[in-house]
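*Asks:* Predicted coordinates and the sequence they were generated for:
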Amino acid sequence: MQDEKFKVKFGNSRVERPKVLLPLSYGSSSLALLDMVISHLEEQCQNERAVQGYVLVVLHVGEDTARMERLRKKYSRVLERLEVQFVTVDPAVFVRDLAKVAVTDEYAVHRTENSESLNLQELLLQFDSRSSRQDFWQQVVQEVIFRSAVAHDCSVVIFGHSMSRLAEEILALTVKGRGSETAHRLTDGTMDYVGCSLHVIHPLREVLASEIKEYVRFSGLQEMVATEESVKHKSAKNKTVNELVCEYFETVESEYPEVISTVVKIGTKLDSPQGMAQQCILCQEAVYRDPKTWLEQMSESANKQAQSDVPLCYGCLVNVGVGGGAVWPVSRPSREEILAEYILEE
């Protein structure tokens, strides 16, 4: 956040100030980042002639409006002098253009027209595995965040991921067959989304989760943190990939924090695969190699003549399951559709 474009402006001019979107999950990391950013904006506006260098848009994907109101009240004194917007978006806006996607026993993927009308909860419950449901839920949240950035004309998105969370995501993406997404999902830089350029930043990428928890305690933000369901009592087979990886890093962080930093450093050195890529019909991520080709090499009974109608990445193929199918949105809305259709409640 030390870039020239974020620095304080002087005078009455408010032009060319970037709008920064901060997704808020009510976890310790995102709350700590919000507190830091508000402090930064407060410091910028101490001079009477100063104008804050950027406009902050705080976004929560969900229905927890009561917690959002409590957060506003906590910072009410400071917010009187700042330009900050608080937005809550219903993740149900993700559900549009549903189609049926099926995977045959020969690993071929086919798309058929869908006659069912399902809500988001019903779409997620199609998947038997908790890990698959969580994987698709994360895809939903990410899509809604970026669509909200476009709808609010934000050019920057800042995530509150700690170093521990980034390390968790690197291993989890790899295990789930989404390793090719690591380069652009977890590194800072500019991405193109429906024709709009978004600059993604992870300001807390050098901070451990334990350090963030101490910051939250010191800042008196504990009451704002959303409590998560404990999974420690569950057997390993009932835990998601992310839960297993998170438990692992919680175990090693106190004694071997260098393990976490090493994973993140290696992850940031990764680059996107080379070559032409198709787009997965479910998660919209790049598919550099048809997983069917790789699966055929492992199966003697595979039918190499079976052809797919649409591309599907390996991660989504595993989630849907061979011989299974799922109803899911199969296309992103255009920028014009996002601006016209998305209802954002402030």
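*Replies:* That came through fine. On a predicted model such as this, the values are computed, not experimentally measured, just so you know.
*Asks:* name the element residue 134 belongs to?
*Replies:* Using DSSP states H and E, residue 134 sits in helix 130-151.
*Asks:* tell me which residues of that helix are tucked away?
*Replies:* For helix 130-151, burial by neighbour count (16 or more other C-beta atoms under 10 Å) applies to 130-136, 139-151. Every C-beta, even on glycine, is put in place using the N, C-alpha and C of the backbone.
*Asks:* any weak-confidence spans in the stretch 51-200 of the chain?
*Replies:* 115 (pLDDT under 70).
*Asks:* Quick one: the strands in it, in order.
*Replies:* Secondary structure of the stretch 51-200 of the chain by DSSP state E, counting those that start in this stretch: the strands cover 55-61, 84-89, 98-103, 109-112, 156-158, 189-193, 196-201.
*Asks:* mind checking which of those strands is nearest residue 286?
*Replies:* Smallest distance to residue 286 across the strands of the stretch 51-200 of the chain (C-beta to C-beta): 11.8 Å, for strand 189-193.
*Asks:* list the buried ones in that closest one?
*Replies:* For strand 189-193, by 16+ other C-beta under 10 Å, it's residue 193.
*Asks:* can you check stretch 274-290 too?
*Replies:* Neighbour-count burial for stretch 274-290 [16+ other C-beta under 10 Å]: 277, 280, 281, 282, 283, 284, 285, 286, 287, 290.
*Asks:* give the contact list for residue 248.
*Replies:* For residue 248, the contact set (C-beta atoms under 8 Å, 6 or more residues apart in numbering) comprises residue 171.
*Asks:* do the same with the one 4 residues further on
*Replies:* With C-beta under 8 Å, 6+ apart as the criterion, the residues that contact residue 252 are 259, 260.
*Asks:* Name whatever forms a beta bridge with the residue nearest to residue 146 when sequence neighbours are not counted.
*Replies:* Using C-beta to C-beta, 6 or more residues apart in numbering and skipping residues adjacent in sequence, the residue nearest residue 146 is residue 193, 4.9 Å away. Beta-bridge pairing of residue 193 under DSSP bridges involves residue 196.
*Asks:* In this structure residue 193 contacts residue 150, no?
*Replies:* Yes. In terms of C-beta atoms under 8 Å, residue 193 counts as a neighbour of residue 150; the distance is 6.6 Å.
*Asks:* what residue lies at the spatial centre of this structure?
*Replies:* A centroid search over the chain (C-alpha atoms, centre = their mean) returns residue 142, at 3.6 Å, as the residue closest to the centre.
*Asks:* how far away is that residue from residue 293?
*Replies:* From residue 142 over to residue 293 the distance is 27 Å, taken as C-beta to C-beta, to the nearest Å.
*Asks:* related to what we said a few turns ago, neighbouring contacts of the helix holding residue 134?
*Replies:* Here helix 130-151 has contacts from 21, 23, 59, 61, 87, 89, 91, 93-94, 120, 123-125, 127, 154, 157, 176, 193-194, 196, 198, 238-242, 282-284, 315, 318-319, 328, 332-333, 335, 338-339, 342, 344, using C-beta under 8 Å, 6+ apart.
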